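> This is a predicted model, with the sequence first.
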Amino acid sequence: MSYNIKIQPGGTVCEDCTLEGDITIGGGTVIHPRVTIIAEGGPIIIAEYCIIEEYSTIIHKKSDKQENPPKPLFIGAHNVFEVGCKLESPCGHVGESNVFECKSFVGVDVKIGSGCVIGAACQLTAPQTLVDNTVIWGSEHHIREALEKQPSQLLQLDFLSKVMPNYHRLRKPNVHKRQPSRQSQESSPKP
Amino acid sequence: MAYLTQLDYVKYICSCGQLKPITSLYFCRHCLKIRCGFCICHEVDSHYCANCLENMPSSEARLKKNRCSSCFDCPSCFHTLSTRATLAQPRQPVDPAGGDTKVENKQPKKMYYLSCFNCRWTSRDVGIPDQPVASGGWPERANPFATRINQLLDYYKAIALQEKQEKLERERKKFSIRGKYITLTDKTGLTGAMARNIAGLPSNEAGSSSAIANFVASQASEEVEQLPDDIYTKEVNLKQITSMPQRLASPEWQPASVARLHPVAKLLSVKRSQRCRACDHNLTKPEYNPGSIKFKIELLAYYHVPEVKIISHEPVKPGEKTALLVKLTNPTGHEMQLRLLQPEDIPPVEDREEPRSIEKSLERSLNLEKDASACRAIERPPSYAASSVVATPVGALTLAQRDDAAEYDDDTQHDADHIILWRKSNKLALRLEVTTDASAADGAPASTAFAIEYSYRNTVPPSSTAAHHRDHTLYTTVLLDLGKVHA
């Protein structure tokens, strides 16, 4: 497996995490220690200002009907992956300003819009598409629609990117010039 | 912890015949009997809000409809709502480009809204404007049927008053017919109604009777609004429709669409005190402060009755003898003499009515009215089926008093014999033998019962009137769940 990890300037990525495959991490994103991101079925692109907390797992799974070249898993900006959440997706698309609460699980074939909240310990396994601003919560997976997107965590991001270097070894940003063209290209084929 | 997370393997028989684990039983030190939640009086001590811990007298609580005025529950998931602050620019529309309006502008104003941490419902979702103050000031919705409800309330109050007066009147008539003697009221003639009668004034029932006279019963009408034409064809969006619990949480409005959900004022909780019905002594009394979880009086069976726990047992087989290991604990501060008995061998409770002093019986007859059947506990023989019989050892066992420092010294007494497995400060493990009925069916629940005779030292300070015994011999019956019968 080729290890091709690109961290754009401003990204805070702890050394103590498992990153495998072709992964691009946007500026301003904070990745805590003990995070697992595996891009075995295609590249994973994480946009700016995401928070990925401890023990969360993002896997781009290999699938049989894979296109060539493989389709990337694109994770939009301002997403929050809380402790212990799991996202498995071969070609799923994740919009922006979503919150994956603690211990939540999003299986394959789940398309997630923007501003969605997958509540703590909620398991999404069936193929489905979450429209924008969907909130799923509780053990019975109640669904409601929020009026507006979840507020962004900019203050928390600021704090984390200041504090994290004091206590953890970090991976250095290795892409020095920004690639705005590539970003816009990736975000355009949004459904 | 085992009592919270596991099944109740050991049950005690309450004096009213209920079977309960020891943790949900009380022990009245004055009657020297085990009581349970069914045979005691529950009284409301104080009302308080579980969120802001503000307490209020019951009259105020009734006035506020038993709801807190400053705390709210989420109308969507019924979790407590939290107040969140945002910085907002006054007189400036929200920037449509991004959700963030926290631009360093001159004097951004702090605004507050309610938000649920569980389902992320916010007061903005239903268009409630943000508030400039952190607590209070939330708009209240008026009940659309307020006038009708007040009318009904007035009407029923008037009826209740009328019935009460009629009853009083009847009582007085009965009394005047029966009694030859001049009663206090006859002599002074000083009831309000009588005085009015004598003076020729209209009776004071006029106010209430007008409420009754002016009351209009509601009319059922045959014409109802037509259903909209597209009721069967329109696609239903379940996200827009409230669930039954959501509607019933606010019975005044019963919103049908989620856009009409409104924060629900938090219901108040109560602190309860428990009272023995036989002797009117308090069994538990919590501290008044809602923040405190301590009790001023706490007569729990767990602190007074020897505790029985099953250590292990062999699988119960019909017609065979199996071993059963139990642990006995003395929770009291005094040494305890124990004897195991068959439940049938408990001597019947001697009637304590006899040595009752004349004053006491007089007091009882005076209190006759209060002593109605409504507040008497119903006692019935306990119903349980014990498939196995415990061979009870002859002879008394001694259990040392509870000693909190005992766990620090490690001298275990080794007086183990064929019955006593081990002994450690106030604990004692016994090896018992269980004989199961030969006719017990395979898979049937196996249980056994035995009685404990134990000495109990009463620490209630002696009262001047009653003859006081310090030491008592008490009995309790314990039912053990031994799983299932294995044939």
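Cool, the structure landed. Numbering: from 1, shown residues only, chains lettered A, B, ... in the order given.

> What about the residue in the stretch 201-350 of chain B positioned nearest to chain A? Give its phi and psi, please.
Closest approach of the stretch 201-350 of chain B to chain A (C-beta to the nearest C-beta) occurs at B:Lys239, with a separation of 4.5 Å. (Each C-beta comes from the backbone N, C-alpha and C, glycine too.) B:Lys239 has phi and psi values of phi -70, psi -20 when expressed as degrees, to the nearest 10.

> For B:Asn289, which non-adjacent residue is spatially closest?
The spatially closest residue to B:Asn289, leaving aside those adjacent along the chain, is B:Asn55, at 7.8 Å (C-beta to C-beta, 6 or more residues apart in numbering or on different chains).

> which bits of the stretch 201-350 of chain B sit near chain A?
Where the stretch 201-350 of chain B comes near chain A, counting by C-beta under 8 Å from any C-beta of the partner chain, the residues are B:Leu238, B:Lys239, B:Gln240, B:Val258.

> Which among the residues you listed count as buried?
By the neighbour-count criterion of 16 or more other C-beta atoms under 10 Å in any protein chain shown, those include these buried positions: B:Val258.

> What about the residues of the stretch 201-350 of chain B next to chain A, which are in helices?
Within these, membership in helices is found for no residue, as judged by DSSP state H.

> Tell me where the stretch 351-487 of chain B has helices.
Under the criterion DSSP state H, counting those that start in this stretch, the stretch 351-487 of chain B carries helices at the ranges B:358-366.

> residue ranges with poor pLDDT in it?
Across the stretch 351-487 of chain B, the stretches falling below the confidence threshold (pLDDT under 70) are B:351-377, B:409-416, B:462-469.

> shaky segments in the chain?
You didn't say which chain, so I picked chain A. Answering for chain A: the residues below the bar, that is pLDDT under 70, span A:1-2, A:66, A:91, A:177-191.

> Chain B was what I was after
For chain B, the stretches flagged by pLDDT under 70 are B:1, B:89-106, B:175-208, B:349-377, B:409-416, B:462-469.

> still on that earlier bit, which pair of the residues of the stretch 201-350 of chain B next to chain A spans the longest distance?
Distance extremes for those: the farthest pair is B:Leu238 and B:Val258 at 9.9 Å, using C-beta to C-beta.

> list the buried ones in the longest helix belonging to chain B?
When chain B is parsed with DSSP H, its longest helix is helix B:146-178. Neighbour counts over helix B:146-178 (16+ other C-beta under 10 Å) mark B:Gln151, B:Asp154, B:Tyr155, B:Ala158, B:Leu161, B:Arg172 as buried.

> cool, and stretch B:211-227?
For stretch B:211-227, burial by neighbour count (16+ other C-beta under 10 Å) applies to B:Ala211.

> from the chain's centre, how far out does it sit?
Averaging C-alpha positions (C-alpha atoms, centre = their mean, to the nearest Å) puts stretch B:211-227 40 Å from its chain's average.

> which ones are touching the most centrally placed residue in chain A?
When chain A is reduced to its mean C-alpha position, the nearest residue by C-alpha atoms, centre = their mean turns out to be A:Ile75, at 4.8 Å. For A:Ile75, the residues meeting the contact criterion (C-beta atoms under 8 Å, 6 or more residues apart in numbering or on different chains) are A:Ile44, A:Ile45, A:Ile46, A:Ala47, A:Cys50, A:Ile58, A:Val94.

> Apply 10 Å and report the result again.
By C-beta atoms under 10 Å, 6 or more residues apart in numbering or on different chains, the residues touching A:Ile75 are A:24-26, A:29, A:37, A:44-47, A:50, A:52, A:58, A:81, A:87, A:89, A:92-96, A:98, A:112.

> Out of these, name the ones that lie in strands.
Assigned to strands by DSSP state E, the following of the contacts of A:Ile75 qualify: A:Thr24, A:Ile25, A:Ile37, A:Ile44, A:Ile45, A:Ile46, A:Ile52, A:Ile58, A:Phe81, A:Leu87, A:Ile112.

> Closest one to chain B out of those residues, please.
Of all the ones in strands among the contacts of A:Ile75, the one sitting nearest chain B is A:Ile112; the distance, using C-beta to the nearest C-beta, is 15.4 Å.

> picking that back up, helices or strands up against the longest helix of chain B?
Contact here means 3 or more C-beta pairs under 10 Å, 6 or more residues apart in numbering or on different chains; DSSP states H and E; on that basis helix B:146-178 packs against helix B:184-188, helix B:192-199, helix B:206-213.

> Run a quick neighbour tally on A:Ser63.
Residues lying near A:Ser63 (other C-beta atoms under 10 Å in any protein chain shown) number 15.

> Would you check that B:Arg35 makes contact with B:Cys28?
Yes. Contact status for B:Arg35 versus B:Cys28: in contact at 5.5 Å, counting by C-beta atoms under 10 Å.

> Quickly list what's touching both of the two.
Contact criterion C-beta under 10 Å, 6+ apart; residues shared by B:Arg35 and B:Cys28: B:Ser15, B:Gln274, B:Arg275, B:Cys276, B:Arg277, B:Ala278, B:Leu283, B:Leu299, B:Ala301.
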